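**Q** predicted coordinates and the sequence they were generated for:
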Amino acid sequence: MKSFLMKRSRKTGLPAGTLMHIGERKAETVRLSVIEYDAEYFSEKEFDTFEAFAQQPLRPESIVWVNIDGLHDTDLLRKIGGHFNIHNLVLEDILNTDQRPKFEDHGHFLFLPMKMFTIQKDDRTITWEQISLIFGKGFLITFQEAPGDVFDPLRERIRQGKGRIRKMQSDYLAYALLDIIVDQFFAILEQISDNIDEIEEVVLVNPGQEAVSAIHDVKRTLLNVRRAAWPLREMVNQFEKSESSLLEKSTRLFIRDVYDHNIQIIDNVELLREINAGLMDIYLSNIGNRTNQVMKVLTIVATLFIPLTFIVGIYGMNFEYMPELAWPWAYPAVMGFMLFVFLGMLYYFRKRKWM
């Protein structure tokens with residue numbers, strides 16, 4: 001967070017619309033991939049430069065999906081913005097990777113920045129990045145911080161011509177992408193729920209500092225999911241109720257379904273936050289119980305030796321005349337009496353179920 005604020009401070013005093021990448025993730029190479037399709041046609045290509053893309057003839061009746069992996073190349077984004085008539089203020093928001101999810105209607109295109117969560121296959125860790133959607137009549141552009149996303153199933157549907165995607169306009173493609181991003185939250189929450197179950201077992205069996213760290217990790221992850229899900233709800237609601245001519249009536253019904261999913265996600269996030277907070281209460285309770293158990297044992301040990309210490313103290317007094325000291329059986333008698341007191345107290349403690 002501190003590094004992000006430091007990068008954000010570099011823009012202080014710069015004119016509005018100044019393009020500067022504010023983010024921590026940088027792709028090794030910027031990728032520009034294009035999928036062009038309609039009901040009867042499909043094409044998928046990658047371009048090394050914007051100039052190569054600009055020279056590529058596009059079919060006017062097709063839908064063009066342009067995907068850009070890597071936001072640190074501001075020159076490329078400036079050229080893309082000029083090609084599709086995207087205002088610099090929008091490009092500035094795209095480069096600000098801590099942008100709050102929102103919906104903006106710019107007339108000839110709609111702008112939707114949001115957070116995309118993914119689960120790493122190797123270690124099952126949860127990562128997130130900003131993804132920005134811009135779509136207008138016949139085109140859609142996705143801007144991602146780095147390669148790798150959750151859209152491969154959608155790409156495969158387009159390649160195979162499955163479903164209605166190839167017969168619909170760019171607004172339906174925007175819905176399909178949004179639907180995948182929102183549904184990915186369910187996978188993330190399922191992973192978090194599994195993590196919470198594992199932490200709960202550790203907390204109940206062997207609570208330690210590692211459990212506390214794991215609880216705080218889950219807390220931070222849930223906070224990030226919450227920060228993404230709450231404004232996403234408002235964004236989807238505004239998107240569905242938009243009066244833009246780019247959005248067809250049939251697509252609004254699907255977007256409404258995404259909104260309902262978003263509500264479920266928010267409810268699940270709040271539930272998991274409460275469960276995770278309860279884990280800390282359980283941890284503190286277990287630690288308190290263990291401390292009390294230790295204090296109980298120490299108290300019993302001390303109590304057992306108090307009368308023995310008293311007896312030893314009496315016969316340890318340095319008086320000249322103590323008749324018992326001259327008795328032949330005085331020592332074994334005192335030792336036997338001390339053993340009797342010790343065993344009697346043990347019996348009493350066990351009877352009261354104090355040990």
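**A** Nice, I can see it.
**Q** what is the mean pLDDT for stretch 221-232?
**A** In this model, stretch 221-232 carries a mean pLDDT of 94.
**Q** could you list the buried residues of that stretch?
**A** Across stretch 221-232, burial judged by 16 or more other C-beta atoms under 10 Å covers T221, L222, V225, R226, R227, A228, A229, W230, P231, L232. Heads up, the C-betas are built off the backbone N, CA and C, glycines and all.
**Q** okay, helices next: where are they in this structure?
**A** Listed in chain order, the helices of the chain (DSSP state H) span residues 2-9, 50-54, 74-84, 88-95, 152-160, 170-205, 209-240, 249-315, 330-351.
**Q** so which residue is dead centre in the chain?
**A** The residue lying closest to the centre of the chain (C-alpha atoms, centre = their mean) is T221, at 2.8 Å.
**Q** how about stretch 47-61: buried residues?
**A** Buried-residue list, stretch 47-61, by 16+ other C-beta under 10 Å: F47, F50, F53.
**Q** sorry, slip of the keys, the one I care about is stretch 178-187.
**A** L178, D179, I180, I181, V182, Q184, F185.
**Q** export it as PDB, just CAs?
**A** Output of stretch 178-187 as PDB, limited to C-alpha atoms (Å, rounded to 0.1, in the frame of the first residue of the first chain):
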ATOM      1  CA  LEU A 178     -18.500  -9.400 -16.600                       C
ATOM      2  CA  ASP A 179     -20.300 -12.600 -15.800                       C
ATOM      3  CA  ILE A 180     -17.000 -14.600 -15.700                       C
ATOM      4  CA  ILE A 181     -15.400 -12.000 -13.500                       C
ATOM      5  CA  VAL A 182     -18.300 -12.000 -11.000                       C
ATOM      6  CA  ASP A 183     -18.600 -15.800 -11.000                       C
ATOM      7  CA  GLN A 184     -14.900 -16.000 -10.300                       C
ATOM      8  CA  PHE A 185     -15.700 -14.500  -6.900                       C
ATOM      9  CA  PHE A 186     -17.500 -17.600  -6.000                       C
ATOM     10  CA  ALA A 187     -14.400 -19.700  -6.600                       C
END
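**Q** residues near F342, how many?
**A** 14 (other C-beta atoms under 10 Å).
**Q** quick check: which ranges of this structure have low pLDDT?
**A** 1-18, 21, 23-28 (pLDDT under 70).
**Q** could you chop the chain up by domain?
**A** Following automatic domain parsing, one gets these domains for the chain: 2-285, 300-351.
**Q** which one of those lies nearest to N292?
**A** Shortest distance between N292 and the domains of the chain, using C-beta to C-beta, is found for domain 2-285: 10.3 Å.
**Q** might you report the residue contacts of P231?
**A** Residues in contact with P231 (C-beta atoms under 8 Å, 6 or more residues apart in numbering) are R100, P101, K102.
**Q** which of the residues you listed lies closest to E270?
**A** Closest approach to E270 among the contacts of P231 (C-beta to C-beta): P101, at 17.8 Å.
**Q** so who does the closest one touch?
**A** P101 touches L112, P113, M114, K115, A228, P231, L232, E234, M235, counting by C-beta under 8 Å, 6+ apart.
**Q** pull up the gap between D194 and K296, please.
**A** For D194, the distance to K296 (C-beta to C-beta, to the nearest Å) stands at 36 Å.
**Q** also L271?
**A** Applying C-beta to C-beta to L271 and K296 gives a distance of 36 Å.
**Q** of all the buried residues of stretch 178-187, which comes closest to V203?
**A** Proximity of those to V203 (C-beta to C-beta) peaks at F185, which lies at 25.8 Å.
**Q** can you tell me which residues contact the closest residue in space to Q184 that isn't next to it in sequence?
**A** In space, Q184 comes closest to V150 once its chain neighbours are excluded; the distance is 5.0 Å by C-beta to C-beta, 6 or more residues apart in numbering. For V150, the contact set (C-beta under 8 Å, 6+ apart) comprises M116, T118, I180, I181, Q184.
**Q** mind checking how far V150 is from L140?
**A** When distance is defined by C-beta to C-beta, V150 is 16 Å away from L140.
**Q** that older thread, format the buried residues of stretch 221-232 as CSV; extra columns: distance to A277.
**A** Output for these, formatted as CSV (distance: C-beta to C-beta, whole Å):
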residue, distance to A277
T221, 14
L222, 10
V225, 15
R226, 13
R227, 17
A228, 20
A229, 18
W230, 18
P231, 23
L232, 23
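**Q** so which of these comes closest to L154?
**A** Closest approach between these and L154, by C-beta to C-beta: L232, at 18.5 Å.
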